[in-house]
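> this one's sequence-less:
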């Protein structure tokens, strides 16, 4: 019964890790795809000058800044995930030492 309980707990930990990683991958992919789509849709001809050209470049710069901030958020959340993963490993080691 103890062995089955340990196996069950470890499987739940593993499932939580995989679910978190897949969720991160999906959100990263969605963000990058939307950024690429915005970049492709905002392309304009080389002779596109005029009063709106300044606003277009400012909007593109703002989009790039938003994307970069999103990348930083992703890096921070990945670090949080790694810290949580290390905590789970330490807890598993502590459980093994108690047995």
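Happy to help now that I have it. Quick caveat, the model's predicted, so the values are computed rather than measured.
> contacting residues around residue 30?
With Cβ atoms under 8 Å, 6 or more residues apart in numbering as the criterion, no residue contacts residue 30. C-betas here are computed from N, CA, C, even on glycine.
> where does this structure have low pLDDT?
The model of the chain has pLDDT under 70 over residues 38-54, 99.
> quick one: the helices in it?
Listed in chain order, the helices of the chain (DSSP state H) span 2-41, 51-98.
> Counting neighbours, what do you get for residue 67?
17 (other Cβ atoms under 10 Å).
> Next one: it relative to residue 94, how far apart?
41 Å (Cβ to Cβ, to the nearest Å).
> Tell me if I'm right that residue 35 and residue 69 touch.
No: with contact defined as Cβ atoms under 8 Å, residue 35 and residue 69 do not form a contacting pair (11.8 Å).
> Compare the two (neighbour count), which wins?
Higher neighbour count among residue 35 and residue 69: residue 35, with 17 against 10, using other Cβ under 10 Å.
> mind listing what that one touches?
Counted by Cβ under 8 Å, 6+ apart, residue 35 has contacts 63, 67.
> what about 6 Å?
Residue 35 makes contacts with residue 67, as judged by Cβ atoms under 6 Å, 6 or more residues apart in numbering.
> what's the burial count for residue 65?
Counted with other Cβ under 10 Å, residues neighbouring residue 65 total 10.
> next one: residue 93
Neighbours of residue 93 using other Cβ under 10 Å come to 10.
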